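with the sequence up front, the predicted model follows.
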Amino acid sequence: MPKAKNVTVIPATLNIHTKTPTKERVRRRVAAYARVSTDSEEQLTSYEAQVDYYTRFIQENPDWDFVEVYTDEGISAVNTKRRDGFNRMIRDALAGKIDLIVTKSVSRFARNTVDSLTTIRKLKEAGCECFFQKENIMTFDSKGELLITIMSSLAQEESRSISENVTWGQRKRFSDGKVSIPYGQFLGYRKGADGLPEIVPEEAETVKRIYREFLQGKSTNAIATMLTEEGIPTPGKKTVWQRATVESILRNEKYKGSALLQKSFTVDFLTKKTKINEGEVPQYYVEDSHPAIIEPWEWEQVQVEMERRKNSRNRHHQTSPFSGKIICADCGDIFGAKTWHSTDRYRRVIWQCNGKFKGERKCETPHLTEERMKELYLEALGEYLSDRDAAIDQLRYAQRMLTDTDFIDADIQALEEELTTITGMLRLCITENAANTVTEETYRATHAELCSRFEETEAKLAALQKQRDKMKADAITIGGMMFELGELDTLPVTFDEKLWQGTIDHVTVHADERMVFHFKDGKEIVTRL
């Protein structure tokens with residue numbers, strides 16, 4: 001019988017995590033973390049109570065040295081990237097300044113399981129323990145990580161549920177037509193006493209001016225520069241205007257009293273990543289949802305002009321109302337402003353074809369001055385309005401014809417139904433091929449024919465939709481022209497930029513000194529230099 005082995009147990013003398021003697025009473029440097037997820041008054045009261053409680057809780061323990069209560073206000077715990085107080089606390093702990101972190105619960109620490117476990121493991125490696133009061137979990141305990149995994153997963157699911165409930169509530173408000181405006185970043189409106197948007201008169205004047213300057217020919221860059229130089233604050237109360245800010249004001253339908261809701265949506269509740277809604281979730285368009293700053297016809301006219309400039313082969317940089325509107329009949333290029341004798345007393349600005357000296361053949365079109373252009377416009381306008389009432393009646397008839405899109409709508413509906421039918425036939429073709437009920441040759445021929453039909457039908461549909469959109473845009477343009485002409489009591493004797501923009505589509509200059517004014521209703525008036 002083998003002799004029994006004599007085994008002596010040598011007890012541990014150092015703590016596995018802190019490396020301090022196990023029997024030695026060690027004072028611990030203790031910090032706390034407090035957070036509330038909204039900026040509401042009720043939540044801020046809870047936040048102040050948490051700070052006060054943890055300060056006293058730590059200071060009353062004779063074995064603890066108080067470090068600090070790290071805090072975050074109005075920030076979600078779904079991830080830790082934007083939580084400055086939390087991140088500063090972790091940096092201090094990893095630097096050896098904290099031995100123990102006390103917090104209310106796992107959900108206060110992080111609702112994301114991955115973030116929670118990753119952070120706790122880093123702290124454990126640095127010798128810093130965490131104590132979650134509500135769950136009574138100490139992370140140095142052998143069961144701590146398992147319990148934290150379970151609790152963090154539950155907290156993450158709670159976050160998912162909260163996110164889904166918030167999303168449902170937002171979409172319910174959208175479907176009810178309730179409009180929400182980010183007032184702190186929105187020019188022209190403030191929250192009224194009844195909770196609805198209310199116009200801010202001085203800001204509304206800036207918005208109206210932006211629309212007016214744009215329609216009078218200024219580019220968005222020029223408008224941004226002008227507003228910056230005049231010291232007018234941006235929607236975000238900054239001093240420097242950007243082109244994109246001006247464009248967003250010009251494109252925002254809220255300024256005409258309507259609202260398109262759910263333009264973007266949250267893709268993932270954990271990352272809070274959002275994307276532009278391209279049809280993935282419903283949108284809601286609410287008309288007359290709040291007071292308008294810009295007349296609907298004027299807003300639509302701006303959209304037409306923005307699209308025109310976008311599609312123009314010549315970039316719109318100038319600040320003159322004539323920019324982009326004077327066309328050379330010889331080469332099709334636009335006229336641009338040129339300065340003659342810029343450094344002497346004979347200095348003057350003339351307009352000539354930008355392509356005059358570009359090609360092998362020099363354009364024969366003459367140059368012209370702004371003064372002469374204005375004179376000829378008033379002459380053409382006088383001829384156009386020789387019988388103003390008849391002209392307006394003709395415009396009204398043209399607008400009525402353009403808004404009658406029933407025949408196009410019927411064709412569009414028929415093509416949409418045809419696309420649905422072809423899609424069904426394609427699915428059936430693929431199913432039959434998968435079930436081996438047709439030969440490969442038959443499948444390929446049928447599939448190619450159906451795909452060809454689909455593409456042809458889709459192209460026809462796109463063309464009709466484009467035609468309908470153009471008719472609507474032309475109707476809006478004529479509506480604006482009728483408004484401008486209706487405002488005239490007498491024929492103007494001086495050039496009016498707003499009237500010019502509202503009535504003229506473009507002007508062509510010919511080599512024989514003919515100038516043809518193309519009005520927005522399609523009428524042409526010929527003048528001579």
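Received it, and whenever you're ready, just let me know what you need.

any idea how far Gly502 is from Gly382?
Using Cβ to Cβ, to the nearest Å, Gly502 is found at 16 Å from Gly382. Every C-beta, even on glycine, is put in place using the N, C-alpha and C of the backbone.

which of those two has more neighbours?
In this view Gly502 and Gly382 are compared by other Cβ atoms under 10 Å, and Gly502 has more residues nearby, 21 against 13.

and the gap between that one and Ile210?
Distance from Gly502 to Ile210, by Cβ to Cβ: 17 Å.

which helices and strands does the helix or strand Gly424 falls within pack with?
Using DSSP states H and E, Gly424 sits in helix 406-434. For helix 406-434, the elements it packs on are helix 440-486, judged by 3 or more Cβ pairs under 8 Å, 6 or more residues apart in numbering; DSSP states H and E.

the helix it packs on to helix 406-434, inter-axis angle?
160 degrees (axes from the mean of the first three to the mean of the last three Cα atoms, to 10 degrees).

how far does helix 440-486 sit from the chain's center?
Put simply, helix 440-486 sits 27 Å off its chain's centre (Cα atoms, centre = their mean, to the nearest Å).

and for stretch 121-129?
Averaging C-alpha positions (Cα atoms, centre = their mean) puts stretch 121-129 42 Å from its chain's average.

that one: which residues count as buried?
For stretch 121-129, the neighbour count (16 or more other Cβ atoms under 10 Å) marks Leu123, Lys124, Gly127, Cys128, Glu129 as buried.

the first one - that's part of a helix, no?
Yes. The assignment for Leu123 by DSSP: H, G, I helix; E, B strand; the rest coil puts it in a helix.

so it makes contact with Leu94?
Yes. If you go by Cβ atoms under 8 Å, Leu123 and Leu94 touch, sitting 7.3 Å apart.

worst mean pLDDT across the helices and strands of this protein, which element?
strand 264-268 (a mean of 56; mean pLDDT, DSSP states H and E).

what's the burial count for Glu383?
Neighbour number of Glu383 under other Cβ under 10 Å is 12.

how far away is it from Phe519?
Relative to Phe519, Glu383 is positioned 11 Å away (Cβ to Cβ).

kindly report the same for Ala31.
Ala31 is 75 Å from Phe519, where distance means Cβ to Cβ.

and those two? Which one has more around it.
A count of neighbours by other Cβ under 10 Å puts Ala31 above the other of Ala31 and Phe519, at 24 against 19.

hang on, that one packs against Met89?
Yes. Ala31 lies in contact with Met89 (Cβ under 8 Å); the separation is 6.2 Å.

how many neighbours does the closest residue to Ala391 other than its chain neighbours have?
Closest residue in space to Ala391, ignoring its immediate chain neighbours: Leu385 at 5.9 Å, by Cβ to Cβ, 6 or more residues apart in numbering. Leu385: 17 surrounding residues under other Cβ under 10 Å.

cool, and Ser289?
19.

where's the residue nearest to Ala391 relative to Gly522, distance?
Counting by Cβ to Cβ, the gap from Leu385 to Gly522 is 16 Å.

likewise Glu371?
Taking Cβ to Cβ as the measure, Glu371 falls 28 Å from Gly522.

one more: Glu298?
Relative to Gly522, Glu298 is positioned 21 Å away (Cβ to Cβ).

quick one: which of the two has more around it?
Between Glu298 and Gly522, Glu298 has the larger neighbour count (other Cβ under 10 Å), namely 20 against 10.

next up, the contacts around that one.
When contacts are counted by Cβ atoms under 8 Å, 6 or more residues apart in numbering, Glu298 touches Tyr211, Leu215, Lys256, Gly480.

max pairwise distance over these: which two?
Using Cβ to Cβ, the contacts of Glu298 span at most 14.1 Å, a distance reached by Leu215 and Lys256.

next up, the contacts around Arg372.
Leu529.

please disregard the earlier target; I meant Lys122.
Residues near Lys122 by Cβ under 8 Å, 6+ apart: Ile90, Leu94.

for Phe322, same thing?
Neighbouring residues of Phe322 by Cβ under 8 Å, 6+ apart: Gly217, Phe335, Ala337, Trp351, Glu370, Met373.

same check on Ala34?
Going by Cβ under 8 Å, 6+ apart, Ala34 touches Tyr47, Gln50, Val51, Tyr54, Val69, Tyr70, Thr71, Asp72, Thr103, Lys104, Arg108.

which helix or which strand is home to it?
strand 28-35.

might one say that Glu370 is in contact with Trp351?
Yes. At 7.0 Å, Glu370 counts as touching Trp351 under the criterion of Cβ under 8 Å.

look at those two and report which has more neighbours.
Trp351 (22 against 16).

assumed Ala244 was part of a helix.
Yes. Counting by three-state DSSP, Ala244 is found in a helix.

how close does it get to Glu305?
Distance, Ala244 to Glu305, by Cβ to Cβ: 18 Å.

show me which of those two is the more surrounded one.
Glu305 (19 against 10).

wait, that one touches Leu215, no?
Yes. Between Glu305 and Leu215 there is a contact under Cβ under 8 Å: 6.5 Å.

so what sits against both of these two?
Counting by Cβ under 8 Å, 6+ apart, the residues touching both Glu305 and Leu215 are Gln501.

give me the contact list for the helix or strand hosting Ile249.
For Ile249, the element it lies in under DSSP H and E is helix 243-251. Here helix 243-251 makes contact (Cβ under 8 Å, 6+ apart) with 187, 207, 210-211, 214, 220-221, 223-224, 227, 234-235, 255, 302-303, 306.

next up, the contacts around Phe66.
Going by Cβ under 8 Å, 6+ apart, Phe66 touches Val30, Thr55, Ile58, Gln59.

just the element for it, please.
Assessed by DSSP H and E, Phe66 sits inside strand 64-72.

Tyr189 and Leu260: what is the separation?
Counting by Cβ to Cβ - Tyr189 and Leu260 are separated by 16 Å.

of those two, give the one with the bigger neighbour count.
Tyr189 (23 against 15).

how many residues are close by the nearest residue to the more buried one once chain neighbours are set aside?
Setting aside the residues directly before and after it, Tyr189 is nearest to Pro197 in space (Cβ to Cβ, 6+ apart), at 4.5 Å. If you count neighbours by other Cβ under 10 Å, Pro197 ends up with 22.

hmm, Pro197 is touching Lys191, no?
Yes. If you go by Cβ under 8 Å, Pro197 and Lys191 touch, sitting 7.1 Å apart.

got any residues that touch both of the two?
Contacts common to Pro197 and Lys191, judged by Cβ under 8 Å, 6+ apart, are Ile181.

so Val438 makes contact with Thr431?
No. Contact between Val438 and Thr431 fails when scored by Cβ under 8 Å: they sit 10.1 Å apart.

how about Asp393, what does it touch?
Asp393 touches nothing, counting by Cβ under 8 Å, 6+ apart.

A helix includes it, no?
Yes. Counting by three-state DSSP, one finds Asp393 located in a helix.

and it, how close does it get to Val507?
Distance, Asp393 to Val507, using Cβ to Cβ: 25 Å.

over to Arg348?
In terms of Cβ to Cβ, Arg348 sits 20 Å off from Val507.

who's more crowded, those two?
Neighbours per residue (other Cβ under 10 Å) separate Arg348 from Val507, with Val507 holding more: 21 against 12.

check which element follows the strand or helix carrying that one along the chain.
Val507 belongs to strand 504-509 when assigned by DSSP H and E. For strand 504-509, the following helix or strand on the C-terminal side (DSSP H and E) is strand 514-519.

many thanks, we can stop here.
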